[in-house]
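Novice: prediction below, plus the sequence it came from.
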Amino acid sequence: MPLIAMKEIGTPLKLIGIRLFKSSEGALYIKYGNRPRKRLFN
C-alpha cells in the first residue's frame, strides 16, 4: 500500500475526536479516535 501525503483539515468535530484529512490526490478521509483513516465518498 503506497503512502499518501495528507493534511489535516481543522473542523469543530476535532473537539470530539473526529478528524478530517485531505490527501494530495484530493480525496477526503475521516479518522475517529485511534481507528485507521477511512476514505469518504468512495
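Specialist: Ah, there it is. Numbering: from 1, shown residues only.

Novice: just so I have it, where are all the strands in this structure?
Specialist: Secondary structure of the chain (DSSP state E): strands at 6-9, 18-23, 28-32, 38-39.

Novice: ok, the first one: who's next to it in the sheet?
Specialist: In the sheet containing strand 6-9, the strands it pairs with under DSSP bridges are strand 18-23 (antiparallel).

Novice: what does the strand it pairs with rub up against?
Specialist: Strand 18-23 is contacted by residues 4-9, 11, 13, 28-32, 37 when judged by CB atoms under 8 Å, 6 or more residues apart in numbering. (C-beta placed from N, C-alpha, C; glycine too.)

Novice: mean pLDDT added to the strands of the chain, as CSV?
Specialist: Formatted as CSV, the strands of the chain follow (pLDDT from 0 to 100):
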stretch, mean pLDDT
strand 6-9, 95
strand 18-23, 96
strand 28-32, 96
strand 38-39, 95
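
Novice: mean neighbour count for these - can I get that in TSV?
Specialist: Below are the strands of the chain laid out as TSV (neighbours: other CB atoms under 10 Å):
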stretch	mean neighbour count
strand 6-9	13
strand 18-23	15
strand 28-32	15
strand 38-39	10
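
Novice: contacting residues around Gly33?
Specialist: Gly17.

Novice: phi, psi for it please.
Specialist: When quoted as degrees, to the nearest 10, the phi and psi of Gly33 stand at phi 60, psi -130.

Novice: give me the distance from stretch 28-42 to the chain's centre.
Specialist: 5 Å (CA atoms, centre = their mean, to the nearest Å).

Novice: what's the burial count for Leu3?
Specialist: Leu3 is flanked by 5 other residues according to other CB atoms under 10 Å.

Novice: separation between it and Ser24?
Specialist: 10 Å (CB to CB, to the nearest Å).

Novice: now swap in Arg37 and tell me
Specialist: The value you get for Arg37 to Ser24, if CB to CB is used, is 14 Å.
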